[in-house]
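Q: next input, structure requested:
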Amino acid sequence: MLERMGTVTISFEMTLDGVFDPMEPWFDPDDPGVQRASDELVFGADAVLLGRESYEFFREYWPAQTDDRGFAAHYNALPKYVASTTLQGPLDWNSTLIAGDVVEAVRRLRDQYESIISHGYGQLAATLIEAGLVDEVHVDIHPFLAGEANVRLIPAQPVGLRLLGVEAYESGIISAKYAPTSG
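A: Next up, the predicted model:
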């Protein structure tokens, strides 16, 4: 019998003109549509995979958060794996530093977990996409034109995507889910 490998989903937020960071003033974490999509993704996850910058940002933010949905408690409790060449272990916040080959480490994590989520759009995401380890890409597109340059979107080489679904929220945010196409 063929064993099913876990899935890796990359998730990120952006403005209509492709700006990811800084997220002020356009990102609203209290938007009901964003909360619904985040709940679906996070409550369905067994583990979180982060690059250094996302880890450092989230580690400062999430441990101090509480909410009525149980989102923060669930997110804080999830095991986290951090890909970094500059951090030194051990890490806090229920996190493990990935030492060595990230691609091989993520392959092992897919054997261990059913659903892994990764937040961000940087080098980690590019590495995972180029290695064929990403099953879905979720992007929330916010109705805002930031009008400023941003870092290059992942990946460095072209990758075709197939639309899995799209939802528009009352706020004007569009949530789109894609899967990389093979070949």
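Q: how about the helices in this protein?
A: Per DSSP state H, the chain carries helices over the ranges 32-43, 52-61, 71-77, 102-112, 123-130.
Q: against Gly160, how distant is Ser182?
A: 9 Å (CB to CB, to the nearest Å). Glycine gets a C-beta too; all of them are placed from N, C-alpha and C.
Q: about what we covered before: including mean pLDDT, mean neighbour count and distance to His142, could the helices of the chain go into a markdown table?
A: Shown next, in a markdown table, are the helices of the chain (pLDDT from 0 to 100; neighbours: other CB atoms under 10 Å; distance: least, CB to CB, whole Å):
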| stretch | mean pLDDT | mean neighbour count | distance to His142 |
| --- | --- | --- | --- |
| helix 32-43 | 93 | 16 | 9 |
| helix 52-61 | 93 | 16 | 18 |
| helix 71-77 | 96 | 16 | 20 |
| helix 102-112 | 97 | 16 | 28 |
| helix 123-130 | 91 | 20 | 19 |
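Q: out of those helices, the one nearest Tyr178 is which?
A: Closest to Tyr178 of those, according to CB to CB: helix 123-130, at 11.0 Å.
Q: with just CA atoms, put the closest one into PDB.
A: The C-alpha coordinates for helix 123-130 follow below in PDB (Å, rounded to 0.1, in the frame of the first residue of the first chain):
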ATOM      1  CA  GLN A 123      13.900  32.200   0.300                       C
ATOM      2  CA  LEU A 124      12.400  29.300   2.200                       C
ATOM      3  CA  ALA A 125       9.300  29.400   0.000                       C
ATOM      4  CA  ALA A 126      11.400  29.600  -3.100                       C
ATOM      5  CA  THR A 127      13.500  26.600  -2.000                       C
ATOM      6  CA  LEU A 128      10.400  24.500  -1.200                       C
ATOM      7  CA  ILE A 129       8.700  25.400  -4.500                       C
ATOM      8  CA  GLU A 130      11.800  24.700  -6.600                       C
END
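Q: pLDDT value on Ser171, please?
A: Note on Ser171: pLDDT of 93.
Q: and Ser182 and Gly160? Which one has more around it.
A: The neighbour comparison of Ser182 against Gly160 (other CB atoms under 10 Å) goes to Gly160, with 10 against 7.
Q: what's the closest non-adjacent residue to that one?
A: Once flanking residues are discounted, Gly160 sits nearest to Thr181: 4.0 Å by CB to CB, 6 or more residues apart in numbering.
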